Structures are given as structure tokens and as C-alpha cells.
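sequence and computational prediction follow.
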Amino acid sequence: MPVEPLDSYEDFQKAIEGDKTVVVDFWASWCGPCKAISPIFQQLSEIDDLKVIDFYKVEVDAQTRIAEEMEIRAASLMPTFAVFKDGKKIQEIVGADPRALMLMLHSLIS
């Protein structure tokens, strides 16, 4: 599944409330590390073993309500990758670390 943008609070709630595991990339257009890891996040979403996970992106400046609820307020907190299951955040990593992101995602399927 390609990475899908979440363009409203309602879409965000709908995405995380299902029983499927969801990972959300919280990013900003002015964030260099966010731009650097974005293609890697996309590549990970296309790996067959990880297709049991839904991949989404939230642009925090455009979706301030979501960013506030997730407590993402500073440049030092981006990118943030959060994993949700049944509407609850179960895991999170901060920063553009491809290895940490890959390990987190693989831990969800093992």
C-alpha cells in the first residue's frame, strides 16, 4: 500500500481506530530530515512483509489539531513515526533514522 496522506482529523481518527496496525509519519514541509527519510518510508511501505501495516503521513502544519493531540510541537520532534493499534499509540520513534524505523516496523510483524 502506498503511503497515504491524512488530510483531516476525521480521516486520522478513522485510520487509527481500526484493528489493523497503522504507522503515521508526522512531518513538516520545512523539515530537512523529514524530506530525507520520506522516500525510505515510502520504500518500506512497499515491502511485501510489511503490507500488513497501513502507512500514512500527516503534515503537522496543515493538521494542527492532530499535531497538538499527538503532542508534536517542535522541530526537534520531527519526523515522528507513531504506531497505532485499536486507536491507541503503542510505539513511537523520533528522528530520521532509517535503521530504527526499519527495526520498529519489523518488530510489529514478528
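Yep, it's here.

CA only for contacts and neighbour counts going forward, please
Noted.

which residue ranges of the chain form strands?
Counting by DSSP state E, the chain has strands at residues 4-5, 21-27, 53-59, 80-85, 88-94.

quick check: can you name the pairing partners of the third one and their directions?
Counting by DSSP bridges, the strands paired with strand 53-59 are strand 4-5 (parallel), strand 21-27 (parallel).

for residue 66, which of those is the nearest?
strand 21-27 (9.4 Å; Cα to Cα).

the longest helix anywhere in the chain vs strand 53-59, what angle?
Looking across the chain with DSSP state H, the single longest helix is helix 32-45. Interaxial angle of helix 32-45 relative to strand 53-59 (axes from the mean of the first three to the mean of the last three Cα atoms, to 10 degrees): 160 degrees.

so for helix 32-45, mean pLDDT?
Helix 32-45 carries an average pLDDT of 96.

just checking, what packs against it?
Contacts defined by 3 or more Cα pairs under 8 Å, 6 or more residues apart in numbering; DSSP states H and E place helix 32-45 against strand 53-59, helix 98-109.

give me the angle between it and helix 98-109.
Here helix 32-45 points in a direction 40 degrees away from that of helix 98-109 (the same axes, to 10 degrees).

quick one: helix 32-45 to chain centroid distance?
Offset of helix 32-45 from its chain centre (Cα atoms, centre = their mean, to the nearest Å): 10 Å.

and for that helix, what are the contacting residues?
Under the contact criterion Cα atoms under 8 Å, 6 or more residues apart in numbering, helix 32-45 has outside partners 1-3, 27-29, 50-51, 53-55, 78-79, 95-98, 102.

so what's the residue nearest in space to the middle of the chain up against?
Nearest residue to the geometric centre of the chain (Cα atoms, centre = their mean): residue 24, 1.8 Å. Counting by Cα under 8 Å, 6+ apart, residue 24 touches 55-58, 80-83.
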